Structure formats: structure tokens, C-alpha cells
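K.L.:
Sequence and predicted structure are below.
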There are 2 protein chains.
Amino acid sequence: MRENSTSCLRVRTRRAVKEALADTALELFEASGFEQVTVADIAKAAGISQRSFFRYFGSKEDVVLGDRIPTAEEVLAVLTPHLAAHPAWEALRLTVRSMTQLMEVEAEAERWKQAVRLICRTPGLRARYLERHLAWVDALVPELTSRTGPGGARAELKAQTMVNTALSCFDVALTRWSDEEGEQRTLAALVEEVFGFVRIPSEEAGV
Amino acid sequence: MRENSTSCLRVRTRRAVKEALADTALELFEASGFEQVTVADIAKAAGISQRSFFRYFGSKEDVVLGDRIPTAEEVLAVLTPHLAAHPAWEALRLTVRSMTQLMEVEAEAERWKQAVRLICRTPGLRARYLERHLAWVDALVPELTSRTGPGGARAELKAQTMVNTALSCFDVALTRWSDEEGEQRTLAALVEEVFGFVRIPSEEAGV
DNA sequence: GTCATTTCTGGCAGTGACTGCCATCCTTGG
DNA sequence: CCAAGGATGGCAGTCACTGCCAGAAATGAC
């Protein structure tokens, strides 16, 4: 197949350029702050045109948030099996824990940590980050609604509450994790601790 | 005093113009969607220059979010007395309930409802809205930290979790409320129901 | 009423993020 | 070597937003 060999090499090059571009940009952001750095600055530092920058990243914010954040489909794929074997809140906890492990293992932990710190420090980025969370909520709620009890509207309300609460817990853990410099605490351990603060009584076994 | 009489009249005019401007803009947003409407459109429809628009609203998003959303200081002022008389989680619940009542009473309920619907429908607005929530979190967490237990870092972590969870509950209730057309359910009642799903065990009375 | 001060206003130019279009490469498979 | 397709750069244009400036209007002191 022609397309295969072509893309095999092209894709690799493309990915390498994208990686280098992200490195350059993050370095500049770290030094001068996200908003102070213009796209023109990044492009010049990376030796490409401004136009090409937007061929690699849909927006300036994408350089930071980029592909690091799982899509709604990925999260849903993690949730579904857990949901088959556990009650709803437990399944959410396990899902969040699985995601943290994905993030830490990938040898990009330090870069991800740097990105999260940048996100927490920049309101605009933080907002975009939360926007992605919303996509997760929309994807997870329907899956959960049927499991949270009988009542239609009430079940959906509870599902929304649970998902939002779980993501809040994740957010708190992630923020704290990115701030801890000296301590070696695992993100997963922080998630466990934060989830330990919250109880969601189950209604599945009867009222 | 000269400045007093001046501002007394000027401020009133200014407020009226701002109100009319917001009405015009919301009408356009409702009809064509937030992103489809340009600032130039709003200005033309309101009969002012584009430049003047930005003298009344700091950004296009401010027309929707505007002054409707309480500031961090206001929320803190509501929380503090509750915190003196109740355990932390209970105080947060009462605080959220108080805020809902503020929003419903003000005879602007329908307009606020319309705004919330617009916010929920527009990702960018939703993100900005959540950004304001973050300001609340930053303001409320310090006040709560001392009340959530003895341990320093752990207490702060728990406080962050509680505040974020409470705001999630508020958010879920508000979203549902804005969607309900026929039903006459109170926002406060919805808040009660949503908070009913969540338990935050207190550690204050001993480990 | 007159005058000086303050405030509001529109216009204009400029920045910064982003997009569409087009000409030009440069790689790749045949 | 050649044709096809992807990658690139440049250019013009949109949109949100800002600073600057000059003119109009309201305001307060006299």
C-alpha cells in the first residue's frame, strides 16, 4: 500500500516537528508567561512561519493542553468496564485512578506536570481545561444515568452530580500534585486521598 | 459635595444604557447564537459605536456573565456567618442556598435563566463562567481550611475538595433549573436535592 | 449667563489570534 | 524523470480588544 509507507514516514516527521514545536513553546511560556508570548514569537523561535504553526496546533492553547488530555471517548472506554463490575461511584473512582496512571507512566510526567502548573497559573488556560472536562461530563452522564437508580429525571440529576464531583476531585488532586515539588507523592495516591473525603450513598440496593 | 451629585445622575444614566445594551445583545444572542453575533452587530443594533460598547462591557462575554455573578467577596461574606454556627459542609450548603435565593428574588429571574441557558449552550461562555467559580474557590478555601480538621496540608486538601464539590452541586442545580421550562421547581429546591446526593464526613469531632 | 472642568463619545490605527486562498516547493511512487 | 499530493510561506481578511485623540455634552463655580 502506498499510503501506508507514505504516512508512516510523513507522520513520524510531522510528530517530531510537533514535539519540537511544543518544547520550544513551553520553554517560552515558562520563561515569560503564556499570554506574554505571541504565536509569532513561537514561530520565529522554532524557525517556521506563523501560518505553519496553526497547521500543527489548532490554537495557541492547544500547545499546552494538546493531546495530553484524554478525549471523552477514551474516558468513556475506561469507565464502561468498571461500571459493569462496580457500583457507580466506585466505578468513577477507578476510572479517575486509571487516568492518573496513564498520565504518570508515560515518561512525560515532568512535562505534564509543567503544563499543569502553567494551566493553574493562567486563567484563560484553566478555563479551556475545564471546558474539556465538560465534554467528559456530557459523555459519561448518559452511561451512568441508568445505573444510579430508577427515577428518570432524578437519576440523571444524580449522575450529573456524581460525574461533576468526581472530576472536581480529580482536579483538586491534579492541582495539588503539580504544586508539590519536593514531595514524591503519587498522583494516584492523591486521588485516593481526595476521594476519601467524599461519600456518595448508593441507591441501587433499594431505597 | 460635587462628586456625589454628579455621579448620582451620571451613574443612573450609565446603568440604564448598560441595561438596554445588555437587552439588545441578549436578544441577538438568543436569535443567532453567541458566536455568530459580532460586537459590531450589537453596537449597530444599540445605536452606539463599537468603541463605546467596550466602555460599558469589558468583553463580549461580560454582557452575558456581567454583574449577575456574585463576586468572591460577596460569597465569602455569606459563608463566614454560616461557618460560625455550623460544620463546614453544612455551612457550604447554606451558603449556596442563600445565593440561589438572591438570584431568584431579584425579579431578574427570567433574564438570568435565559443567560444561564445561553452559557450552557456556548462552550466558551461556559468556560468563562467556570473561571469565575475558580475565584470563589480561592476565596473560600482559606476560610475553610482551619475548620476542616487539624492536619495542615490535609486540611487544605479537604477544604479544596469541599468547595469544589459544593460548587459542582450548585452548577448541576443551576443547569437543570435553566433547562426546566414547564416545571416550576425552585432553584433552592433543586440545590437541596443535589446536595442530598453527597455526604462529606466531618472530622471535627475527633478522628 | 459664562467659563473651566469633567465626562462621554466616535473614529482611527494598531495588536494578536486565527482562517482561507494561492503559489511554490519537495517528497514519493511509478 | 514525471505526475500527484502533502507541506510550506505569504498575504489578505475577520474579529475581539486597546490606546489615543479630538469634539460634543453635561456639570459645577462664579
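P.N.:
Great, that's in hand. Numbering: from 1, shown residues only, chains lettered A, B, ... in the order given.
K.L.:
what's the pLDDT at A:Trp102?
P.N.:
That one is not Trp; residue A:102 is Leu. Note for A:Leu102: predicted pLDDT of 78.
K.L.:
Show me what counts as buried in the helix or strand of chain A with the lowest mean pLDDT.
P.N.:
Across the helices and strands of chain A, mean confidence by mean pLDDT, DSSP states H and E is lowest for helix A:2-32: a mean of 82. Of all the residues in helix A:2-32, those buried under the rule 16 or more other CB atoms under 10 Å in any protein chain shown are A:Lys18, A:Leu21, A:Ala22, A:Thr24, A:Ala25, A:Leu26, A:Leu28, A:Phe29. Bear in mind the C-beta positions are built from the backbone N, C-alpha and C, glycine included.
K.L.:
How about stretch A:124-140?
P.N.:
Neighbour-count burial for stretch A:124-140 flags A:125-131, A:133-134, A:136-137, A:139-140 (criterion: 16+ other CB under 10 Å).
K.L.:
Export only the CA atoms of it, formatted as PDB.
P.N.:
Taking Å, rounded to 0.1, in the frame of the first residue of the first chain, the C-alpha atoms of stretch A:124-140 are listed here in PDB:
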ATOM      1  CA  GLY A 124      -7.500  31.500  30.300                       C
ATOM      2  CA  LEU A 125      -5.800  28.100  30.000                       C
ATOM      3  CA  ARG A 126      -7.600  27.000  33.100                       C
ATOM      4  CA  ALA A 127     -10.900  27.800  31.600                       C
ATOM      5  CA  ARG A 128     -10.100  25.900  28.400                       C
ATOM      6  CA  TYR A 129      -9.000  23.000  30.500                       C
ATOM      7  CA  LEU A 130     -12.300  23.000  32.400                       C
ATOM      8  CA  GLU A 131     -14.100  23.200  29.000                       C
ATOM      9  CA  ARG A 132     -12.600  19.800  28.200                       C
ATOM     10  CA  HIS A 133     -13.900  18.400  31.500                       C
ATOM     11  CA  LEU A 134     -17.400  19.400  30.300                       C
ATOM     12  CA  ALA A 135     -17.100  17.200  27.300                       C
ATOM     13  CA  TRP A 136     -16.300  14.300  29.600                       C
ATOM     14  CA  VAL A 137     -19.400  15.100  31.700                       C
ATOM     15  CA  ASP A 138     -21.600  15.000  28.600                       C
ATOM     16  CA  ALA A 139     -20.100  11.700  27.600                       C
ATOM     17  CA  LEU A 140     -20.200  10.000  31.000                       C
END
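K.L.:
coming back round to it: return the member of the buried residues of stretch A:124-140 nearest to B:Gln50.
P.N.:
Nearest to B:Gln50 among these, counting by CB to CB, is A:Ala127 at 24.7 Å.
K.L.:
ok, now which ones touch the closest one?
P.N.:
Taking CB atoms under 8 Å, 6 or more residues apart in numbering or on different chains, we find A:Ala127 in contact with B:Ala127, B:Arg128, B:Leu130, B:Glu131.
K.L.:
Does anything pack onto the helix or strand A:Ala91 falls within? Which helices or strands?
P.N.:
A:Ala91 belongs to helix A:88-105 when assigned by DSSP states H and E. In terms of contacts (3 or more CB pairs under 8 Å, 6 or more residues apart in numbering or on different chains; DSSP states H and E), helix A:88-105 is packed against helix A:72-85, helix A:123-145, helix A:152-179, helix A:187-195.
K.L.:
Which of those helices has the highest mean neighbour count?
P.N.:
Burial of those is given as mean neighbour count (mean count of other CB atoms under 10 Å in any protein chain shown); helix A:152-179 ranks first at a mean of 22.
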